[in-house]
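# the amino acid sequence is not available; the structure is as follows:
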């Protein structure tokens with residue numbers, strides 16, 4: 001096999017491996033990170049003081065935290081959306097040496113879904129055990 005052909009095969013294999021590994025470059029987590037169990041709360045499970053702050057700030061993007069009885073509540077809102085059909089998901093939540101890393105993602109309406117034409121203000125609140133660490137929204 002010619003040297004050029006062998007080089008081409010290695011290049012194709014490397015490309016396939018990179019595609020299988022994912023299309024985005026992510027910050028490497030340290031080997032000491034610990035996944036945290038986050039519970040997504042229903043509206044009636046949100047502590048009243050936090051619910052009031054969310055209501056006051058829901059029209060704009062927000063990143064909030066609240067502590068009560070050994071629990072940490074983290075709220076994330078993406079501000080006003082022009083229609084309904086949006087939701088928010090937790091991509092990851094882990095504890096690392098520099099604090100709690102958490103990432104939320106706004107999901108748009110499904111294609112073909114009948115959407116309410118009025119504006120909405122989606123938000124999510126998760127609960128986890130208080131660790132005393134800082135929160136890094138990513």
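Okay, I see it. Small disclaimer: the values here were computed from a predicted structure and weren't measured.

# what residues of the helix or strand hosting residue 63 count as buried?
Using DSSP states H and E, residue 63 sits in strand 61-68. Buried residues in strand 61-68, counted by 16 or more other CB atoms under 10 Å: 62, 64-66. Any C-beta I mention is one placed from the backbone N, CA and C, and that applies to glycine too.

# just give me the residue closest to the centre of the chain.
The centroid of the chain falls nearest to residue 104 when counting by CA atoms, centre = their mean (1.8 Å).

# tell me which element the closest residue to it other than its chain neighbours is part of?
The shortest distance from residue 104 to any non-neighbouring residue, by CB to CB, 6 or more residues apart in numbering, is to residue 76 (4.3 Å). Per DSSP H and E: residue 76 is located in strand 71-78.

# now the angle from the helix or strand following that strand to strand 71-78?
Moving toward the C-terminus from strand 71-78, the first helix or strand encountered (DSSP H and E) is strand 87-96. Orientation check (axes from the mean of the first three to the mean of the last three CA atoms, to 10 degrees): strand 87-96 against strand 71-78 gives 130 degrees.

# what does strand 87-96 contact?
29-30, 32-36, 38, 40, 76-78, 100-107, 122-124, 126, 128, 131, 133 (CB atoms under 8 Å, 6 or more residues apart in numbering).

# one step back: is it true that the residue nearest to residue 104 touches residue 103?
No. Using CB atoms under 8 Å, residue 76 makes no contact with residue 103, being 9.2 Å away.

# next, show the common contact partners of the two.
With CB under 8 Å, 6+ apart, residue 76 and residue 103 have common neighbours residue 137.

# these two: which has the busier surroundings?
Between residue 76 and residue 103, counting by other CB atoms under 10 Å, residue 76 is the more crowded of the two (22 against 14).
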